[in-house]
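J.: Please work out how this folds:
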Amino acid sequence: MTLTIWLSLLTICTLGAMSPGPSLVTVTKHSLAGGKINGLAAAWAHAFGIGVYAFISMVGLAVVFHQLPWLYQIISYAGAAYLIYLGVNAIRSKGGIAAKLEAGRTMPVWQSAKEGLLISLLSPKIALFFAALFSPFVALVTSLEGQMLMVLTPFITDGLWYTLITLMLSNQRLLDTLRRKAVIIDRLSGLILVALAGKILLSA
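T.: Numbers count the residues shown, from 1 in each chain. From the prediction side, this is the model:
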């Protein structure tokens, strides 16, 4: 893989990671509810899911979606259902993030990792991203080393971006402000997730 191709790939992966969506909401929620360790667990589990998509792209994700459009539909509906589940739970929560912050209780790290992984694997936005923007690089890279770099680049980029988000949320001054607004964050995050699910269903 030439440096030019890699820089192009890195730019696309960085922009993809930075785009707001359910992934950002999920990592933020777990960073607030459980602290730095939970945020990092959600971040890198999410990045692992991104790595899985990158690997699948190496074997022809775009071709699969073209030949089996129903598979993309299933991913879309499953992802929307999961977002609705998370959103409704946040909206109906009697405590949620607010209660955990006030009581000093933490969310299990495994739960943060599970949600981080599922939010990436069940996101049609991420599937479409790899099918439309990542797959063209497959034809340009034929060496094993280049293919490994293609898988590692989005994995590491995504993990580092959400690690940065987690570390920013660990700032005590910012955390104190968010603590005072924790109830609002609960409700808003739920509404955002449900709205994103609706958008997915309408465009599926």
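J.: Find the centremost residue of this structure, please.
T.: Nearest to the mean C-alpha position of the chain, counting by C-alpha atoms, centre = their mean, stands Ser23 at 3.1 Å.
J.: any idea how far that one lies from Tyr162?
T.: According to C-beta to C-beta, to the nearest Å, Ser23 and Tyr162 sit 7 Å apart. No exception for glycine: its C-beta is placed from N, CA and C like everyone else's.
J.: If you average pLDDT per helix and strand, which one of this protein comes out bottom?
T.: For the chain, the helix or strand with the lowest mean confidence is helix 96-103, at a mean of 49 (criterion: mean pLDDT, DSSP states H and E).
J.: Going by neighbour count, list what's buried in whichever helix or strand comes after that helix.
T.: Sequence-wise, the next helix or strand downstream of helix 96-103 (DSSP states H and E) is helix 109-121. For helix 109-121, the neighbour count (16 or more other C-beta atoms under 10 Å) marks Val109, Ser112, Ala113, Glu115, Gly116, Leu117, Leu118, Ile119, Ser120, Leu121 as buried.
J.: which one of the residues you listed sits closest to Leu10?
T.: Nearest to Leu10 among the buried residues of helix 109-121 is Ser120, at 18.7 Å by C-beta to C-beta.
J.: was I right about the closest one contacting Trp44?
T.: No - the pair Ser120 and Trp44 does not pass the contact test of C-beta atoms under 8 Å, sitting 10.8 Å apart.
J.: Do a quick rundown of the helices in this structure.
T.: Using DSSP state H, the helices of the chain run over 3-18, 22-34, 36-58, 61-67, 69-92, 96-103, 109-121, 124-129, 144-169, 172-180, 182-203.
J.: Comparing these, which yields the minimum mean pLDDT?
T.: Note on those: helix 96-103 shows the lowest mean pLDDT, a mean of 49.
J.: one step back: okay, the helices of the chain, which one's buried deepest?
T.: helix 22-34 (a mean of 25; mean count of other C-beta atoms under 10 Å).
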